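> Need the 3D shape of this:
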Amino acid sequence: MKFGYTILYVPNVEEAVSFYETAFGLKRAFVYESDYGEMITGETKLAFASVELARSNGVSFHESVLHGPAPAIEIALVTEDVAIAFTKAVEAGAIPIAEPKQKPWGQTVGYVRDINGFLVELCSPLVAPPSPFSIRPIVPADTPSLVALSGSSGLFKPEELGAIREMLDDYHATKAGNGHHIMAYEEGAKLLGVVYFTQREFADRVWELLMIAVDGDHHRQGIGSQMLLAVEESLRAMNGRLLLIETSDKLSFERTRQFYRKHGYSEVAHIPDYFSHGDGKASFIKWL
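Below you'll find the predicted structure:
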């Protein structure tokens with residue numbers, strides 16, 4: 001299913017098409033037997049059908065009238081210069097409704113009604129707000145925060161945090177850029193997540209996710225998902241073929257395993273008692 005057409009019912013299709021050419025600079029695709037016409041508007045078409053054609057299809061509707069209330073729909077046309085577009089439309093016969101004005105979100109918007117009473121929004125492109133977070137390679141100064149983050153994540157015992165610090169020190173000393181990558185999720189100058197992945201030796205473009213952890217106060221907010229997606233995008237850019245993730249099979253890790261399944265990973269292997277007695281290994285893969 002895809003959105004294909006917006007069709008306005010009008011008394012005169014040729015007049016409507018000509019008006020949109022003159023007032024808004026759109027180009028016609030065609031007009032068929034005075035009953036139907038389309039504008040060239042990309043994959044989703046703006047089209048016009050005659051009132052008679054609409055009625056012949058058994059459709060019940062209220063006709064748009066120029067001097068009554070506008071129908072509860074609008075056509076939005078995007079332009080780099082709303083003020084010029086607004087003036088041009090009014091000169092071509094559009095009825096001014098609201099002068100162009102900058103909205104709080106930064107977009108400039110003005111409104112007119114066309115010759116059949118339909119509301120037309122003239123607006124500048126909507127610029128997405130800056131991302132409130134970034135996912136970036138770590139630097140040595142991040143180490144204290146990442147150790148604390150690992151401790152709060154619930155994945156590591158207090159006595160294991162020394163090994164986390166050693167891992168980070170070793171990464172900066174020898175492994176960074178040598179097939180090993182650690183990235184941090186940063187929001188408002190605070191580190192809230194960390195992910196570690198590396199290329200497997202003796203395998204064709206196979207990568208392994210060694211660690212992914214989120215600050216304990218920010219679980220279930222999509223941070224893990226954002227980091228996992230960033231890893232996948234990075235690996236595709238490096239022509240990666242497959243990503244391997246290995247985790248515990250303990251009941252306490254069921255949420256972790258569900259997280260990987262939700263993101264399209266398949267559980268392909270299970271080794272009981274791998275990490276210790278009663279703590280087996282579950283292996284997940286995803287083709288990139």
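> how deep is the residue lying closest to Ser153 once chain neighbours are set aside tucked in, by neighbour count?
Distance criterion Cβ to Cβ, 6 or more residues apart in numbering; nearest residue to Ser153, sequence neighbours excluded, is Ala213 at 4.0 Å. For the C-beta atoms, the positions are set from N, CA and C on the backbone; glycine is no exception. For Ala213, the neighbour count with other Cβ atoms under 10 Å is 24.
> Report how far apart the opening and closing residues of stretch 233-248 are.
25 Å (Cα to Cα, to the nearest Å).
> Okay, buried residues for it please.
Neighbour-count burial for stretch 233-248 flags 234-235, 240, 242-248 (criterion: 16 or more other Cβ atoms under 10 Å).
> Return the member of those nearest to Glu201.
Of all these, Glu201 sits closest to Leu244, with 12.5 Å by Cβ to Cβ.
> Let me see the contact set for that closest one.
With contacts defined as Cβ atoms under 8 Å, 6 or more residues apart in numbering, Leu244 is in contact with 200, 206-209, 283-285.
> so which strand or helix has the residue nearest to Ser153?
For Ala213, the host element (DSSP states H and E) is strand 206-214.
> Could you do Phe197 as well?
Using DSSP H and E, Phe197 maps to strand 190-199.
> Parallel or antiparallel, list what pairs with that strand.
strand 180-187 (antiparallel), strand 206-214 (antiparallel) (DSSP bridges).
> Which strands or helices does the next helix-or-strand element following the last one pack on?
Reading on from strand 206-214 to the C-terminus, the next helix or strand found by DSSP H and E is helix 223-237. Secondary structure elements in contact with helix 223-237, counted by 3 or more Cβ pairs under 8 Å, 6 or more residues apart in numbering; DSSP states H and E, are strand 133-137, strand 180-187, strand 190-199, strand 206-214, strand 242-248.
> right, and those strands - which one's nearest Pro100?
Using Cβ to Cβ, these put strand 133-137 closest to Pro100, at 33.2 Å.
> from what I can see Leu168 touches Ile182, true?
Yes - applying Cβ atoms under 8 Å as the test, Leu168 and Ile182 come out as touching, 7.4 Å apart.
> Can you work out which residues contact both of the two?
Listed as contacting both Leu168 and Ile182 by Cβ under 8 Å, 6+ apart are Ile138.
> Dig out what His270 forms beta bridges with.
Ala282.
> measure it to Glu246 for me?
In this view, His270 and Glu246 are 10 Å apart by Cβ to Cβ, to the nearest Å.
> Pull up the overlap in contacts between these two.
Joint contacts of His270 and Glu246 (Cβ under 8 Å, 6+ apart) are 281-283.
> returning to what we had before: mind putting the buried residues of stretch 233-248 into JSON lines with distance to Ser18 and pLDDT?
Putting the buried residues of stretch 233-248 into JSON lines (distance: Cβ to Cβ, whole Å; pLDDT from 0 to 100) gives the following:
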{"residue": "Ser234", "distance to Ser18": "52", "pLDDT": "94"}
{"residue": "Leu235", "distance to Ser18": "53", "pLDDT": "96"}
{"residue": "Gly240", "distance to Ser18": "54", "pLDDT": "95"}
{"residue": "Leu242", "distance to Ser18": "57", "pLDDT": "96"}
{"residue": "Leu243", "distance to Ser18": "56", "pLDDT": "97"}
{"residue": "Leu244", "distance to Ser18": "62", "pLDDT": "97"}
{"residue": "Ile245", "distance to Ser18": "60", "pLDDT": "97"}
{"residue": "Glu246", "distance to Ser18": "66", "pLDDT": "96"}
{"residue": "Thr247", "distance to Ser18": "65", "pLDDT": "95"}
{"residue": "Ser248", "distance to Ser18": "69", "pLDDT": "94"}
